[in-house]
Every structure is written in structure tokens, then in C-alpha cells.
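Engineer: Predicted model and sequence below, questions to follow.
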Amino acid sequence: MSERKIRVLVAKPGLDGHDRGAKVIARALRDAGMEVIYTGLRQTPEMIAAAAVQEDVDAVGISILSGAHKTLCPRIVDLLKQNGMDDTLVLVGGIVPNEDIADLKAKGISEVFLPGTSTEDIVSYIRQHVRADG
């Protein structure tokens, strides 16, 4: 029996319309053997959490450039917890000031990846922190 693939939801919350980075990450994760679900642009936290529940993902990757990370990201974490997804890895990538990272982590974000992070580092982090034992 083969091991179940790690399932990752890649999401773009809020009004930010720039998704090149999210697509690059989605492709890198897919190329690394993960199953990737991309939600598309302008998703609400409720839409993201509902998709994560429906798709039964192991991780949620939030791509955010708009500056609304302190509002949107904790809301997504809270909605996941309300839906019984306490063990879901929640990652943030994009434009996040260094001084906001500790606060995001305190509110349930597992890791924050800033511009310039290698895709190999992101793949490695997910593999190390998600058990893909189906």
C-alpha cells in the first residue's frame, strides 16, 4: 500500500489580486509529489476554511501581499479550529513585516515564509511537519 500524498490548500485571501507567487509555490509543491488545491483569488477566510475542510487537507498555505495578514490569517486559523482541524499546518507566505511574525505564530500560524525563501525550504518544512500516513 502506498503512502498517502500530503494534501495542501493554497489560498489567496482578501482583495489582493497578485497570485504569481501562490502559483509558483503550488507548482513546486505539486512537483515535489504533494496534492495541491488552489482556491484562486479573492477568497474570504470562511471560503478558505470551508475548502480546507471539504478537501481534508494536511496544510493550508496562505499567500498574502495586501497587508491584511494580522486580520485574515488568525481568522482562518480560528475557523479551522472551529471545524475540528486543530492539527492542520497553517503557513503564510508573502509580504509580512518581521515585527508581525511572532504575533502571527502566537495566533496559530506555523511558519511565515518571506520573499526569497527557496521552494525547497518550503517543501522540506511541510514534509517535516506533516505526517502523511494515510
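Structural biologist: Thanks, I have the structure now.

Engineer: What is the burial count for residue 33?
Structural biologist: Number of residues near residue 33 (other CB atoms under 10 Å) recorded here: 12. For the C-beta atoms, the positions are set from N, CA and C on the backbone; glycine is no exception.

Engineer: for residue 107, what are its contacts?
Structural biologist: Shown in contact with residue 107 (CB atoms under 8 Å, 6 or more residues apart in numbering): 73, 74, 77.

Engineer: Please check these and keep the buried ones.
Structural biologist: Among those, those classed as buried by 16 or more other CB atoms under 10 Å are 73, 74, 77.

Engineer: how about the strands of this protein, start to end?
Structural biologist: Under the criterion DSSP state E, strands of the chain are mapped to 7-11, 35-38, 59-64, 89-94, 111-113.

Engineer: okay, those strands in CSV with mean pLDDT and mean neighbour count next?
Structural biologist: Converted to CSV, the strands of the chain look like this (pLDDT from 0 to 100; neighbours: other CB atoms under 10 Å):
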stretch, mean pLDDT, mean neighbour count
strand 7-11, 97, 25
strand 35-38, 97, 18
strand 59-64, 97, 26
strand 89-94, 97, 22
strand 111-113, 98, 20
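
Engineer: Okay then, goodbye and thanks.
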